[in-house]
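*Asks:* Attaching a predicted model along with its sequence, questions to come.
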Amino acid sequence: MTAQILDGKATAAAIKSELAARVSALTARGVTPGLGTLLVGDDVGSQKYVAGKHRDCAEVGIASIRRELPATATQEDVEAVVRELNEDPDCTGYIVQLPLPAGIDTGRVLELIDPAKDADGLAPMSLGKLVLNQDAPLPCTPNGILTLLRRYGVETKGAHLTVVGRGMTVGRSIGLLFTRREVNATVTLCHTGTRDLSEQLRRADIVVAAAGAGHIVRPEDVKPGAAVLDVGVSRDEHGKIVGDVHPGVAEVAGWVAPNPGGVGPMTRALLLQNVVEAAERQAAARGAADDAG
Ligand SMILES: Nc1nc(=O)c2c([nH]1)NC[C@@H]1CN(c3ccc(C(=O)N[C@@H](CCC(=O)O)C(=O)O)cc3)C=[N+]21
């Protein structure tokens, strides 16, 4: 048996064309959504990710606002740009590319982001509202994973989801999303302190591998027919990029989201969705204010 591919690239393209129509509607009302990015330092990988986000923006008609600071930037320098993006009316949503250089207090930076402009869904107010089950921008990677599964009709209700990795962008929050009533999965979060990872993987109908540990999910640990999504990026001893999922898993699983071409493009598409939704809310608020005035 060979797994069916959860094609994130194709699914993201479909989402982007749906978003392009919403952007046109907004533009017709005189509101152009604008995505801001703040990139600090000269990490080549981060530069590439940010460039990809702006390419996506161009495709759907979202304006790009790019801010860059050198690796030597101080906490005050970073916070000044965040304040500027909070004030900028052309910027309807923005992200601070992570990780920030050592010495910058990431928590303090994320706290400064105007919750109405949080495109990543990673600011404290957004994550807090996710806990409270209130409406707020959702974290892009967990939401991208859920959206991908839904578009392929992979059942989440009653499914057992095992997540590997407790990082801030995926593992910490994905269980909150997947245990919402309308999703209704049962979630196990594994990490380096997990005693028997194989046991936790074998029970899973859905595996999300986001540990950044090459090939940590092996074929012998996967339930036949399970959906396995590879979110990990690490490098082997030759400097080659490897995912968290061993290629042999495709012979056992029912579904696999490859890496690249799986969750990554979905993360970017859901980021754009957050920007468009923020612009729609801002346009509605403005319309209401105009009607009142
Ligand atoms: N504030 C913040 N928000 C983020 O969302 C964020 C971040 N910081 N820091 C880094 C990680 C990483 N990340 C990726 C998103 C898409 C791909 C992606 O689209 N990858 C393509 C390949 C891209 C290529 O080949 O260049 C794929 O998987 O097919 C990868 C990585 C977002 N991150």
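*Replies:* Thanks, I have the structure now. Residues are numbered from 1 along each chain as shown.
*Asks:* residue contacts, the closest residue to the ligand within the stretch 151-293 of the chain?
*Replies:* Closest contact between the stretch 151-293 of the chain and the ligand, by Cβ to the nearest ligand atom, is at residue 264 (2.3 Å). From N, CA and C alone the C-beta is placed, and that goes for glycine too. With contact set as Cβ atoms under 8 Å, 6 or more residues apart in numbering, residue 264 has these partners: residue 8.
*Asks:* and the helix or strand harbouring it, how far out from the chain's middle?
*Replies:* In this assignment (DSSP states H and E), residue 264 forms part of helix 263-292. Centroid displacement of helix 263-292 relative to its chain, using Cα atoms, centre = their mean, to the nearest Å, is 16 Å.
*Asks:* Likewise for stretch 121-138?
*Replies:* 14 Å.
*Asks:* Stretch 210-221 too?
*Replies:* 20 Å.
*Asks:* State the mean pLDDT of it.
*Replies:* Per-residue pLDDT values over stretch 210-221 give a mean of 98.
*Asks:* Output the set of residues of the protein in proximity to the ligand.
*Replies:* 48-49, 52, 95-98, 120, 140, 259-261, 264-265, 267-268 (Cβ under 6 Å from any ligand atom).
*Asks:* Can you show me the helices along the chain?
*Replies:* Counting by DSSP state H, one finds helices in the chain at the ranges 8-28, 44-60, 75-87, 106-112, 124-132, 140-151, 171-178, 197-202, 263-292.
*Asks:* can I see the domain layout of this protein?
*Replies:* 31-114, 140-264 (automatic domain parsing).
*Asks:* and of the ones you listed, who's closest to residue 4?
*Replies:* domain 140-264 (5.3 Å; Cβ to Cβ).
*Asks:* coming back round to it: buried residues of the helix holding residue 264, list them for me.
*Replies:* 263-280, 282-283 (16 or more other Cβ atoms under 10 Å).
*Asks:* need the helices of the chain in TSV with mean pLDDT, can you?
*Replies:* Shown next, in TSV, are those (pLDDT from 0 to 100):
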stretch	mean pLDDT
helix 8-28	98
helix 44-60	96
helix 75-87	98
helix 106-112	98
helix 124-132	98
helix 140-151	98
helix 171-178	98
helix 197-202	98
helix 263-292	92
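*Asks:* Single out the most deeply packed of the ones you listed.
*Replies:* helix 140-151 (a mean of 24; mean count of other Cβ atoms under 10 Å).
*Asks:* Name the residues that touch that helix?
*Replies:* 6, 8, 11, 14-15, 119-121, 156, 169-170, 173-174, 177-178, 183, 206, 208, 210, 227, 229, 231, 257, 262-263, 266-271, 273-274.
*Asks:* what about 7 Å?
*Replies:* 6, 8, 11, 120-121, 156, 169-170, 173-174, 177-178, 183, 208, 227, 229, 231, 257, 263, 266-267, 269-271, 274 (Cβ atoms under 7 Å, 6 or more residues apart in numbering).
*Asks:* re earlier: save the domains of the chain as JSON lines, and put in distance to residue 134 too.
*Replies:* Listed next are these as JSON lines, based on distance: least, Cβ to Cβ, whole Å:
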{"stretch": "domain 31-114", "distance to residue 134": "17"}
{"stretch": "domain 140-264", "distance to residue 134": "12"}
